[in-house]
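Undergrad: here's a sequence, model it:
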Amino acid sequence: MAESILIGRGDRPCELLLSRANRHGLVAGATGTGKTVTLQVMAEAFSRVGVPVFCADIKGDLSGIALPGKPNPKLEARAHELGVADFAYEAAPGIFWDVFGQQGHPLRATVAEMGPLLLARMLELNDTQEGVLNIAFKLADDEGLLLLDFKDLRAILAHVADRAAELRDHYGQVGKATIGTIQRRLLVLEQAGGEQFFGEPALSLADLMLVTPDGRGAVNILAADKLIHSPRLYATFLLWLLSELFEELPEVGDLDKPKLVFFFDEAHLLFRDAPRALTEKVEQVVRLIRSKGVGIYFVTQNPLDLPATVLGQLGNRVQHALRAFTPAEQKAVRAAAETFRPNPRLDVADAITHLAVGEALVSTLQADGSPSMVERARIAPPRGRIGPVTAEERAALMARSPLAGHYDAAVDRESAYERLAGRATAAPASGPWQAEGPRGPAPVRSDNPWGGVSLPPRPLPEAPAQGLSLRT
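TA: Here you go, the predicted model:
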């Protein structure tokens, strides 16, 4: 079994040890310097050694990873020069997801799984409004009301408003004006398409960690070109996914390779205007999720976009070029240079501003846990397509996905809305849960990585937990 993946080569190979890949990492650099291609190279490499990957496709051009690349003599020459002996154009086993259900399998969570803390962040609520939302969740828990979809959330808020005087002594003061404000924020979220995210079938984490019959890890690609236009929804959704992994996965300690690698693109959005309590939760997840076998790789323009407490935990780093035209940018370059272990043969601060596209400064954790000396490296070429898939190609890839039919149709079973409206039915509504080498042209492999694999249907879960520790 492979013990490392090749990122690039400088004076020596720049390899990431799989046993240290769950120590998290950073891919940084200015726009247009090659971050997305580096992300693709790393995702493909993790997949080839059997590690599933989750990544957000901000611009749409990461989707090409699911198809073999087009023959290109420049890529083949670079592969030969870097010593990639088995280079071939091949597709990664991609699975497309989309919160809006348009460019991938619908990706849903229940309101209960989201919890009041993350929901308050999504709705940009103040402390008073967040307190009222907590009361609504607590009342739903106490009265056995399932909060599954958007209409359940509206119903429980209206229920709290109607019983405000009765609830005051036990739960605390509830102002109808505050409820009205939350309802207006829900309307804004609904108009942005956010209501499609809430409901069932909710995502099963096991479906993010699939492995093909030949042992390659799935590359889960979230279509985020539309989602990124609602930055807070984007950041809160990915934070919810991290919290689910943190809460649900068992402790496994240090493994030979991660169970899942999570790439968080536009990572600065996670911390923009975030309250201190939420930032502390993120720091806790980053610090502790390592022992769950999950590696988190933040992708952003400048390392200083991340809090120092988070940045200090990112041991594997790939730094593309930064621009330094203003005094503030020059200071940022010097600060970024100081985060690397010095290399006596390299002026890091000068190199950061002179890196070509496809070059980066690379430092990874060694077997003893210490960072390697920084190397100026040429990044290895990707094997999948560089650029987006067409709508027709995306549809064909989704049709042969092992999850085809599992999440496509929404399920609306009896929950808070039906109970409170007095329209509960004897039987809940049902729906499908389907939850050194040759110098000639490189070969092109175009086989179906899933080999016709299809997952069996699974039942809807029992009542979901309404607010686990990280979400409350």
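Undergrad: is it true that residue 87 touches residue 72?
TA: No - under the criterion of CB atoms under 8 Å, residue 87 makes no contact with residue 72, lying 11.2 Å away. The way it works is simple: take the backbone N, C-alpha and C, and place the C-beta from them, glycine included.
Undergrad: between those two, which has more neighbouring residues?
TA: Using other CB atoms under 10 Å as the criterion, residue 87 and residue 72 rank with residue 87 on top: 20 against 14.
Undergrad: ok, and the closest non-adjacent residue to the more buried one?
TA: Leaving out its chain neighbours, the residue that sits closest to residue 87 by CB to CB, 6 or more residues apart in numbering is residue 79, at 3.8 Å.
Undergrad: can you give me the buried ones in the strand or helix carrying that neighbour?
TA: Here residue 79 sits within helix 73-81, counting by DSSP states H and E. By neighbour count on 16 or more other CB atoms under 10 Å, the buried set for helix 73-81 is 75-76, 78-80.
Undergrad: so for it, what's the average pLDDT?
TA: Average pLDDT, helix 73-81: 94.
Undergrad: and for stretch 391-402?
TA: What stretch 391-402 shows for mean pLDDT is 94.
Undergrad: which parts of that stretch are buried?
TA: 394, 397-398, 401-402.
Undergrad: one more: stretch 218-230?
TA: Neighbour-count burial for stretch 218-230 flags 218-228, 230 (criterion: 16+ other CB under 10 Å).
Undergrad: ditto for stretch 352-364
TA: In stretch 352-364, the ones that count as buried by 16+ other CB under 10 Å are 352-353, 355, 358-364.
Undergrad: can you add secondary structure and give those back as CSV?
TA: Formatted as CSV, those follow (DSSP: H, G, I helix; E, B strand; the rest coil):
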residue, secondary structure
352, helix
353, coil
355, coil
358, coil
359, strand
360, strand
361, strand
362, strand
363, strand
364, coil
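Undergrad: and the strands in the protein?
TA: Remark: strands assigned in the chain by DSSP state E are 4-9, 13-17, 25-28, 53-57, 89-90, 94-98, 105-106, 219-223, 260-265, 294-300, 316-319, 359-363, 375-379, 444-445.
Undergrad: how about a markdown table for these, with mean pLDDT and distance to residue 141 added?
TA: Below are the strands of the chain laid out as a markdown table (pLDDT from 0 to 100; distance: least, CB to CB, whole Å):
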| stretch | mean pLDDT | distance to residue 141 |
| --- | --- | --- |
| strand 4-9 | 95 | 45 |
| strand 13-17 | 95 | 43 |
| strand 25-28 | 94 | 38 |
| strand 53-57 | 95 | 30 |
| strand 89-90 | 96 | 49 |
| strand 94-98 | 96 | 29 |
| strand 105-106 | 94 | 27 |
| strand 219-223 | 96 | 30 |
| strand 260-265 | 94 | 29 |
| strand 294-300 | 94 | 28 |
| strand 316-319 | 96 | 41 |
| strand 359-363 | 95 | 47 |
| strand 375-379 | 95 | 50 |
| strand 444-445 | 65 | 52 |
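Undergrad: on that earlier part again, can you list the buried residues of stretch 391-402 in CSV and add distance to residue 372?
TA: Below are those laid out as CSV (distance: CB to CB, whole Å):
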residue, distance to residue 372
394, 39
397, 37
398, 40
401, 38
402, 38
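Undergrad: of these, which is the nearest to residue 341?
TA: Residue 341 lies nearest to residue 397 out of the buried residues of stretch 391-402, by CB to CB, at 41.1 Å.
Undergrad: what count of nearby residues applies to residue 144?
TA: Neighbours of residue 144 under the rule other CB under 10 Å: 9.
Undergrad: what residues of the longest helix along the chain count as buried?
TA: In terms of residue count, the longest helix belonging to the chain (DSSP state H) is helix 231-248. Buried residues in helix 231-248, counted by 16+ other CB under 10 Å: 232-247.
Undergrad: circling back to that earlier point, pick the one among the buried residues of stretch 218-230 closest to residue 120.
TA: Distances from residue 120 to these, taken by CB to CB, are shortest for residue 230, at 15.8 Å.
Undergrad: for that closest one, what are its contacts?
TA: 192-194 (CB atoms under 8 Å, 6 or more residues apart in numbering).
Undergrad: now with 10 Å?
TA: Taking CB atoms under 10 Å, 6 or more residues apart in numbering, we find residue 230 in contact with 99, 122, 188-189, 192-194, 236-237.
Undergrad: list buried residues within the residues you listed.
TA: Buried among the contacts of residue 230 (16+ other CB under 10 Å): 99, 122, 189, 192-194, 236-237.
Undergrad: in those, which two residues are the furthest apart from each other?
TA: Of all pairs in the buried ones among the contacts of residue 230, the most separated under CB to CB is 193 and 236 at 13.9 Å.
Undergrad: thinking again about what came up before, nearest to residue 159 among the buried residues of stretch 218-230?
TA: Of the buried residues of stretch 218-230, the one sitting nearest to residue 159 (CB to CB) turns out to be residue 230, at 27.6 Å.
Undergrad: tally up the residues packed near residue 32, please.
TA: When counting by other CB under 10 Å, one arrives at 10 neighbours for residue 32.
Undergrad: can you check residue 274 too?
TA: 19.
Undergrad: from memory it sits against residue 118, does it?
TA: No - taking contacts as CB atoms under 10 Å, residue 274 lies outside contact range of residue 118: 11.1 Å.
Undergrad: what is in contact with those two at once?
TA: Shared contacts of residue 274 and residue 118, defined by CB under 10 Å, 6+ apart, are found at 235-236, 239, 281.
Undergrad: could I get those as a markdown table with pLDDT and distance to residue 8?
TA: Formatted as a markdown table, those follow (pLDDT from 0 to 100; distance: CB to CB, whole Å):
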| residue | pLDDT | distance to residue 8 |
| --- | --- | --- |
| 235 | 86 | 29 |
| 236 | 84 | 34 |
| 239 | 86 | 30 |
| 281 | 79 | 34 |
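Undergrad: check those residues and tell me the two furthest apart.
TA: Spatial extent of those (CB to CB) is set by the pair 235 and 281 at 12.8 Å.
Undergrad: can you show me the helices along the stretch 101-250 of the chain?
TA: Here the stretch 101-250 of the chain has its helices, by DSSP state H, counting those that start in this stretch, at 111-123, 127-142, 150-162, 164-171, 176-191, 231-248.
Undergrad: if you compare those helices, which one is most tucked away?
TA: The highest mean neighbour count among these, using mean count of other CB atoms under 10 Å, belongs to helix 111-123: a mean of 24.
Undergrad: could you check the angle it makes with helix 150-162?
TA: 80 degrees (axes from the mean of the first three to the mean of the last three CA atoms, to 10 degrees).
Undergrad: please name every helix or strand in contact with helix 111-123.
TA: Taking 3 or more CB pairs under 10 Å, 6 or more residues apart in numbering; DSSP states H and E as contact, the helices and strands that helix 111-123 lies on are helix 127-142, helix 150-162, helix 176-191, helix 231-248, helix 276-288.
Undergrad: for the ones you listed, which one sits closest to residue 28?
TA: Shortest distance between residue 28 and the helices and strands packed on helix 111-123, using CB to CB, is found for helix 276-288: 16.0 Å.
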